[in-house]
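*Asks:* Show me how the following folds:
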Amino acid sequence: LGVTFSMDDFGVASANLEAMFELPFDELKIDQIFVRRMDESPLAASIVSNVARLARDAGVTSVAEGIETRQAFLRLQEMGVDIGQGYYIARPITVSELENIMKLQNDSSALAL
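*Replies:* All right, here's what the predicted structure looks like:
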């Protein structure tokens, strides 16, 4: 059907290794509490790096939440995180704003032909 599932906030509360083992999902979302503390805490950086590797080894997509700076963005790229979300990448937008962006992208693609 084209539906995918994400395990949100991995590493916090019930989003843990047991849930990962028992539930089918396509994405593993690394909680922002670890992402935001990577620069000040070697432990947080290690958690992020190892969760990204775990996702890769399990054949699922890793998603880092809470990317606020270019430095964090670049570090996550180096760690092999697949996808990022956060204010550094984009602020939240409404559905109508998204539709406008998609229309502009389609229009610019047509111009490239």
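*Asks:* Contacts for the helix or strand where residue 101 lies, please.
*Replies:* Here residue 101, judged by DSSP states H and E, is contained in helix 95-112. Taking contacts as Cβ atoms under 8 Å, 6 or more residues apart in numbering, the residues outside helix 95-112 that touch it are residue 93. To be clear about C-beta, it is placed using only N, CA and C from the backbone, and glycine gets the same treatment.
*Asks:* what does stretch 27-43 give?
*Replies:* Contacts to stretch 27-43, defined as Cβ under 8 Å, 6+ apart, come from residues 4-12, 15, 20, 44-45, 47-48, 51-52, 54-55, 58, 60-68, 71-72, 75-76, 81, 83, 86.
*Asks:* what kind of secondary structure is the most centrally placed residue in the chain in?
*Replies:* Residue closest to the average C-alpha location in the chain (Cα atoms, centre = their mean): residue 63, at 2.0 Å. Secondary structure assignment for residue 63 (DSSP: H, G, I helix; E, B strand; the rest coil): strand.
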